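1. Sequence plus the predicted model coming up.
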Amino acid sequence: MSTNNNYSEQQLCSIWNFKFKNSMIHKAPYTKRWLTYLDAYKGDYFKNLNIPDYKSNMISNYIFSIVETIRPIMLDNDPKFQSLPRQSAGMEFSTDVQEALTYEWDRENMNPKLYRELINVLVLGTAIFFIPWDAKQKDVKGVAVNPFNFFVDPLATSLDDAEYTIYANYVNEVVLKRLYPEKADKLKGGSINYSELVLENDKNAMIDNQILVLEINTKDYEIETKIDGDEKITKNLYPKGRVLTLCPELGIVLDDKHNPYDDGEFPFEIIKDYDIPGKFWGEGEVAQLISPQKHMNDLNNAIIDNAKTTANMPWIIDKNAGIPFGKITGRPGLIIRKNPGSEVRREQPPQMPMYVTNAVDVFKQDINSISGVYDPLKGEGTTGVYTAQGILALQEAGQSRIRLKVKLMENSLGKIAQKWFSRMRQYWKDDRWIAVTNADGSYNIKQFVKTILNYDYNIKITAGSTMPVNRSAMLDLMIRLAQTPMPDGQNLVDREAVSQYLPSEIKSAMLKRMGEGNQTFAQIQQQVDQLTQQLQQFAQQDQQDDKQTISVIEEITASIEKLNQQILQLQSKHDKIEKDKIEEEKIAKIKEESYNEGYKDLEKIYQNNEQNTQTTSEPLNPTEVGVNNPNGINNGLPDEILTGLENMSDDELALLMQSNPEILDLLKDET
């Protein structure tokens, strides 16, 4: 801890104690109204404890009904984060950032916290969240801050132009001594002086050993001047701001440090119901509803009192009627016996003026008109509207006022997410494992790489993502769109779009079956999907990357053409193989027929040769061959046979010799 050398601890505490009281005085009218608004929401404001027993004290709390009708509509769905990269290189990691923010949002249970804080938004008009970094748990935290304990400088109209913020709270001295042991001997607790800072406790109970602690975030403009030779250097001591923790009533500064966050902003964010121009604090629903609610309760109680009175009108009895005291009651069918000549009668009740009951209806209509919450929004029927589409149209029209509240809320949630991302970027030093929710409701564990946070992103909430959706109507619409064909033969939407509006238990089972059935198809389409994804990513880049994008597209197109050429080559080779196979079969058949025909001719020659050998024992004169031989025998074989043998290949000749070895003998003999 280091304090400013210009001020002592006592002086520093005195300065900030004065600013704290000044801010408290400026906020006092809001604090007083807020207490009334909370009592009206709970119904305590309308309870009259000083009326006699016979008077009615019924409360029909329409304020509670209005708030609890709006609250679930504003946060019917989880916020959908949208990360917009500031550099084109960060585009491919945009989905990873969105998944990390969704995981962090679920890990910190922000939805239940936000749902609770919507009471402050709608009743008080303002809710505040604190987004710090927890060094012990090494996680970003989202802490809901009680608006009663939060103070700003009186001139502030928003956190952007505020000079300082103060969070005031009472802390037990034992806790402070454990956190700041070096100051333990000076920390002495006392009683609570500001009861509005401890609303959850009994205001009448005086709690001892409590110390007022102020946690201050300020834009400190203090400068430091140094002389470096002849040059005068001026330096801001707290360029990103200053954070102080002090006990103003004890004059003790517990901590004094620089703002630890790189963004240099206050670690708070405000959500408003109605944002009033020029006002730091917003306004809620109760501010406009409390007056008609109070008068409507008074009229309702008057009607009840009149009903109780007229239902049991007083009796008029003569003293000499002979009826004992207390014998006449309001029991139905009562029989009264009286003396003759005396009178026993009951007064006739006056009618309730019609303007009284009409006034109650007028107040109800005023409450609905002021809040913008009409009967169809509550699910109640409307005269003349009987179709489902008509009722849905009325409900959607009735949400117009709520949609404005949702836009303000989602804008503030986007700022919370931006600060959250800033903490992640500053303090996440290593890779982390995050849980990612699949479309079918299952979870996957995915590694988030730290280098993704090197890029700048603008974090927003998808508009209307927290608003409710009529799933039955949307499911019916999606089914009809899925049955509508387009000119290319495809349906307008696919099965995944239809499954989004199915109940979760049916949706998960159906998506699982679809995944199993399409697993093979998904593997086939994987390469095409990757190419398509690359095209989409490069198409979204800046104009300065157009040339690179075109070259990549040309490379992808060339790769596809090359694959097509390879497919054509394979088809051509296959056709050639089939053709060669047919030709080989034809050649084999010709060889077989030639062999059979040659074999028959050889048998005839052999038979003729044997006959010639038997008729004469003298060898033939070579000069006479072909002249005196009518069969044209030369060396024992005809000329056409010899010509055929010469034209045969070695393999064919070897096959012929193997089948007919006698041909070899004839050739040897003749040679």
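-> Received it, and whenever you're ready, just let me know what you need.
2. Pretty sure Glu224 sits against Tyr238.
-> No: taking Cβ atoms under 8 Å as the contact criterion, Glu224 and Tyr238 are not neighbours in contact, 10.0 Å apart. The way it works is simple: take the backbone N, C-alpha and C, and place the C-beta from them, glycine included.
3. who's more crowded, the two?
-> Tyr238 (19 against 11; other Cβ atoms under 10 Å).
4. That one - that's part of a strand, no?
-> No: with DSSP: H, G, I helix; E, B strand; the rest coil as the criterion, Tyr238 is coil rather than part of a strand.
5. OK, contacts around it?
-> For Tyr238, the contact set (Cβ atoms under 8 Å, 6 or more residues apart in numbering) comprises 220, 222, 258-259.
6. again, but for Ile252
-> Going by Cβ under 8 Å, 6+ apart, the list of residues near Ile252 reads 9, 13, 183, 186-187, 246.
7. Just among the residues you listed, which is most surrounded?
-> Most crowded among the contacts of Ile252, counting by other Cβ under 10 Å, is Leu246 at 25 neighbours.
8. And for the residue nearest to that one when sequence neighbours are not counted, the neighbour number?
-> Once flanking residues are discounted, Leu246 sits nearest to Val253: 4.7 Å by Cβ to Cβ, 6 or more residues apart in numbering. Counted with other Cβ under 10 Å, the neighbours of Val253 add up to 23.
9. List every C-alpha atom in the helix or strand containing Val253, with coordinates, as CSV.
-> Using DSSP states H and E, the element containing Val253 is strand 252-258. What follows is the C-alpha trace of strand 252-258 in CSV, where atoms were taken according to Å, rounded to 0.1, in the frame of the first residue of the first chain:
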residue,chain,number,x,y,z
ILE,A,252,-7.5,4.5,8.3
VAL,A,253,-6.5,3.8,4.7
LEU,A,254,-6.5,0.1,4.2
ASP,A,255,-5.3,0.1,0.6
ASP,A,256,-4.2,2.6,-2.1
LYS,A,257,-3.2,1.4,-5.5
HIS,A,258,-3.4,1.9,-9.3
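10. C-terminal to that strand, what's the next element?
-> strand 268-272.
11. Check which element follows that following strand along the chain.
-> Going down the chain from strand 268-272, the next helix or strand is helix 286-310, by DSSP H and E.
12. what helices or strands is that next one leaning on?
-> Applying 3 or more Cβ pairs under 8 Å, 6 or more residues apart in numbering; DSSP states H and E, we find helix 286-310 packed against helix 9-42, helix 62-74, helix 354-371.
13. Buried by neighbour count: which residues of that helix qualify?
-> Applying a neighbour-count criterion of 16 or more other Cβ atoms under 10 Å, the buried positions in helix 286-310 are 286-287, 289-290, 292-293, 296-297, 299-303, 306.
14. likewise stretch 102-109?
-> Under the neighbour-count criterion of 16+ other Cβ under 10 Å, stretch 102-109 has 102-105, 108 buried.
15. Roughly how far does Lys42 sit from Ile119?
-> For Lys42, the distance to Ile119 equals 10 Å [Cβ to Cβ, to the nearest Å].
16. I meant Asn22, not that one.
-> For Asn22, the distance to Ile119 - Cβ to Cβ - is 29 Å.
17. Those two: which has the busier surroundings?
-> Each of Asn22 and Ile119 has its neighbours counted (other Cβ under 10 Å); Ile119 has more, 16 against 13.
18. so that one is in which element?
-> Applying DSSP H and E as the criterion places Ile119 in helix 110-123.
19. Now the element after that helix, going C-ward?
-> Using DSSP H and E, the helix or strand that directly follows helix 110-123 along the chain is strand 126-130.
20. can you state the direction angle for that following strand and helix 9-42?
-> Angle of strand 126-130 versus helix 9-42, following axes from the mean of the first three to the mean of the last three Cα atoms, to 10 degrees, is 130 degrees.
21. Only alpha carbons, please: show strand 126-130 as CSV.
-> Output for strand 126-130, consisting of C-alpha atoms alone and laid out as CSV, is shown next (Å, rounded to 0.1, in the frame of the first residue of the first chain):
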residue,chain,number,x,y,z
THR,A,126,-31.4,0.3,-11.7
ALA,A,127,-29.3,-2.8,-11.1
ILE,A,128,-25.5,-2.8,-10.8
PHE,A,129,-22.9,-5.5,-11.6
PHE,A,130,-19.3,-5.6,-10.4
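22. ok, residues contacting the helix or strand just after that strand?
-> Of the helices and strands lying after strand 126-130 in sequence (DSSP H and E), the nearest is strand 133-134. Residues from elsewhere that reach strand 133-134 (Cβ under 8 Å, 6+ apart): 139-141, 260-261, 423, 426-427.
23. Mind doing that once more with 6 Å?
-> Applying Cβ atoms under 6 Å, 6 or more residues apart in numbering, the contact partners of strand 133-134 are 140-141, 423, 427.
24. same question, stretch 314-329
-> Where contact means Cβ under 6 Å, 6+ apart, the residues beyond stretch 314-329 that reach it are 338-339, 342-347.
25. do that again at 8 Å, thanks
-> Residues external to stretch 314-329 that are found in contact with it (Cβ under 8 Å, 6+ apart): 334, 336-339, 341-347.
26. Out of these, which end up buried?
-> The buried subset of these (16+ other Cβ under 10 Å) comprises Val344.
27. Reformat the contacts of stretch 314-329 as a markdown table; add pLDDT and distance to Val356.
-> Conversion of those to a markdown table gives the following (pLDDT from 0 to 100; distance: Cβ to Cβ, whole Å):
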| residue | pLDDT | distance to Val356 |
| --- | --- | --- |
| Leu334 | 70 | 30 |
| Ile336 | 75 | 33 |
| Arg337 | 73 | 39 |
| Lys338 | 79 | 36 |
| Asn339 | 77 | 41 |
| Gly341 | 78 | 41 |
| Ser342 | 82 | 37 |
| Glu343 | 78 | 33 |
| Val344 | 77 | 32 |
| Arg345 | 79 | 27 |
| Arg346 | 74 | 24 |
| Glu347 | 70 | 20 |
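28. What is the nearest of the contacts of stretch 314-329 to Tyr62?
-> Nearest to Tyr62 among those, counting by Cβ to Cβ, is Glu347 at 35.4 Å.
29. Just give the closest residue to the closest one, not the sequence neighbours.
-> Met313 is the one closest to Glu347 (Cβ to Cβ, 6+ apart), at 4.8 Å.
30. same thing with Leu453?
-> Arg425 (4.4 Å).
31. isn't there a helix covering that neighbour?
-> Yes: when three-state DSSP is applied, Arg425 is found to be in a helix.
32. And the helices in the stretch 51-200 of the chain?
-> For the stretch 51-200 of the chain, applying DSSP state H, counting those that start in this stretch gives helices covering 62-74, 94-107, 110-123, 173-179.
33. And the shortest one, what does it pack against?
-> Using 3+ Cβ pairs under 8 Å, 6+ apart, the elements in contact with helix 173-179 are strand 210-218.
34. list the helices and strands the strand it packs on packs on?
-> Helices and strands in packing contact with strand 210-218 are listed as helix 9-42, strand 164-172, helix 173-179, strand 242-247; criterion 3+ Cβ pairs under 8 Å, 6+ apart.
35. Of those, which stretch is the most buried?
-> When neighbours are counted by mean count of other Cβ atoms under 10 Å, the highest per-stretch mean among the helices and strands packed on strand 210-218 falls to strand 242-247, a mean of 22.
36. between that strand and strand 164-172, how many degrees?
-> Counting by the same axes, to 10 degrees, strand 242-247 lies at 30 degrees to strand 164-172.
37. hmm, back to that, quick one: which of the buried residues of stretch 102-109 is nearest to Lys407?
-> Using Cβ to Cβ, Trp105 comes nearest to Lys407 of the buried residues of stretch 102-109, at 19.2 Å.
38. picking that back up, Gly90 versus the residue nearest to Leu453, what's the distance?
-> Looking at Arg425 against Gly90, where the rule is Cβ to Cβ, the gap reads 12 Å.
39. got it, and Leu653?
-> If you measure Leu653 against Gly90 using Cβ to Cβ, the figure is 80 Å.
40. ok, the two, which is more surrounded?
-> Neighbours per residue, other Cβ under 10 Å: of Leu653 and Gly90, the larger number sits with Gly90, 19 against 14.
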